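*Asks:* pasting the sequence and the predicted coordinates here, then a few questions.
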Amino acid sequence: MIMRQLIKISLLTGLLMTQPACAHSPKTQAEIRTFATEMAQKHDFSADEVEKILSDTVFRDDIIAAITRPAEAKPWHQYRPIFLKPDRIEGGVKFWQENEILLESVSRTYGVPPEIIVAIIGVETRYGKFTGRYRIIDSLTTLAFGYPKRAAFFRSELEQFLLLSREESVDVQQAKGSYAGAMGKPQFISSSYRHYAVDHDGDGKRDLFESNADIIASVANYFKVHGWRAGEPITLQAKPNGQSGLQGYVDAGMKPSVSVKSLLGSGLRPINPGEAPDSNALSSLIKLDAGEQDEYWLGLHNFYVITRYNHSNLYAMAAYQLSREIAAAKRAADAKP
């Protein structure tokens, strides 16, 4: 009897320790009710059905914890190894080889290099292997009503997700994604899915979960809409002759606003001069904590476009460097007899 009780206590303790969810508070229930009414008024949803869907979700403390410690908070020398790994490079080559005709066609149509498209999918989900373990409806409801710092943004994304579920037959109860509600192989948030996803395979549905045609074309379309310039360089590493005055350029932000000529005249010299862009092109100055010393990079227009996918210079640099490694490995693989 005592042993049986101990087993029951052990099982109950384990359940409580592994359960990251809880029911909604009365205050949240009231906010959900208001949101459901707004969905009915704005988009002709059934208020009762929306309230039922959201009331049946669970508040997840682990989602709140995850969003308060994103990987982009790490220094570059810790962030880079997360993505620049042999298996992610090899996976990129494999994904490229398996979708080569499609990638080349999409690249010609949208002007975005295949390696950039592949690298984005690799950074986001390792080419679809890890697309997220959270129910999107749980993630968005938790953040919309339990994360005041960005509640307005996530309530908008929750609205977009419900609209998306109606338009693209995304299963609102079953669809899983990241803790922030991003979904599919390219990890589009709901508003990006609705605005930038394309039906490249022509089956009448924009499917970012299973259709590689839609996935690849949607990533390319995202960059094209955000201003990608075909054939232009992305970034250039530079070495400072001295540190004086450089921090002011770094603090100016990630949007290109200073001419390359001005930056190179401020005490920087390109590590690979042959890759230097037009001296009149606008750039930003990026400083990365590489551990023992800082790295400086010129963030050109196309680099800034990558940051529109994820508003982080670390993310954009990881995607860029991964794309270079994948392209080099692909060339080497193609050269083998």
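*Replies:* Okay, I see it. Numbers count the residues shown, from 1 in each chain.
*Asks:* where does this protein dip in pLDDT?
*Replies:* 1-22, 243-244 (pLDDT under 70).
*Asks:* could you point out the longest strand of it?
*Replies:* Across the chain, the longest stretch assigned as strand under DSSP state E is strand 282-289.
*Asks:* how about the very next helix or strand once past that one: buried residues?
*Replies:* Once strand 282-289 ends, the next helix or strand along the chain (criterion: DSSP states H and E) is strand 294-299. For strand 294-299, a neighbour-count test (16 or more other C-beta atoms under 10 Å) marks 295-299 as buried. To be clear about C-beta, it is placed using only N, CA and C from the backbone, and glycine gets the same treatment.
*Asks:* can you check stretch 173-187 too?
*Replies:* Buried residues in stretch 173-187 (16+ other C-beta under 10 Å): 175-187.
*Asks:* in strands, which of those residues appear?
*Replies:* 176-177.
*Asks:* nearest to residue 109, of the buried residues of stretch 173-187?
*Replies:* Nearest to residue 109 among the buried residues of stretch 173-187 is residue 186, at 16.8 Å by C-beta to C-beta.
*Asks:* excluding its backbone neighbours, what's nearest that closest one?
*Replies:* residue 219 (5.0 Å; C-beta to C-beta, 6 or more residues apart in numbering).
*Asks:* helix or strand for the one you found, just tell me which one.
*Replies:* Per DSSP H and E: helix 212-225 holds residue 219.
*Asks:* and the contacts of that helix?
*Replies:* 99, 102-103, 106-107, 109-112, 116-117, 120-121, 184-186, 188, 192, 196-201, 205-208, 305-306, 308-309 (C-beta atoms under 8 Å, 6 or more residues apart in numbering).
*Asks:* kindly give a single ChimeraX line that selects the buried subset of those.
*Replies:* In ChimeraX syntax, the buried subset of these is picked out as below (16+ other C-beta under 10 Å):
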select :99,102,103,106,107,110,112,116,117,120,121,184,185,186,188,192,196,197,198,199,200,201,206,207,208,305,306,309
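*Asks:* so which of the contacts of helix 212-225 are in helices?
*Replies:* Under the assignment DSSP state H, the contacts of helix 212-225 contribute 102-103, 106-107, 109-110, 116-117, 120-121, 192, 196, 305-306 to helices.
*Asks:* okay if I get those residues as CSV plus distance to residue 168?
*Replies:* Output for these, formatted as CSV (distance: C-beta to C-beta, whole Å):
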residue, distance to residue 168
102, 21
103, 23
106, 20
107, 25
109, 22
110, 21
116, 25
117, 21
120, 21
121, 19
192, 13
196, 13
305, 25
306, 26
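*Asks:* hey, C-alpha coordinates of the longest strand of the chain in PDB?
*Replies:* In PDB, the C-alpha atoms belonging to strand 282-289 read as follows (Å, rounded to 0.1, in the frame of the first residue of the first chain):
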ATOM      1  CA  LEU A 282      24.700  53.300 -48.800                       C
ATOM      2  CA  SER A 283      25.700  51.000 -46.000                       C
ATOM      3  CA  SER A 284      25.500  50.500 -42.300                       C
ATOM      4  CA  LEU A 285      28.400  49.500 -40.000                       C
ATOM      5  CA  ILE A 286      27.900  46.200 -38.100                       C
ATOM      6  CA  LYS A 287      30.100  45.400 -35.100                       C
ATOM      7  CA  LEU A 288      30.000  41.700 -34.000                       C
ATOM      8  CA  ASP A 289      31.500  40.400 -30.800                       C
END
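*Asks:* can you tell me the strand partners of it and which way each runs?
*Replies:* Strand 282-289 has these partner strands in its sheet, going by DSSP bridges: strand 258-259 (antiparallel), strand 294-299 (antiparallel).
*Asks:* nearest to residue 326, of the ones you listed?
*Replies:* That would be, of the strands paired with strand 282-289 and by C-beta to C-beta, strand 294-299, which comes in at 19.1 Å.
*Asks:* show me what stretch 198-209 is in contact with.
*Replies:* So stretch 198-209 is in contact with 106, 131, 168-169, 175, 183-186, 188, 193, 197, 211, 213-218, 221, going by C-beta under 8 Å, 6+ apart.
*Asks:* quick check: residue 116 vs residue 216, distance?
*Replies:* 11 Å (C-beta to C-beta, to the nearest Å).
*Asks:* right, I'll call it a day here.
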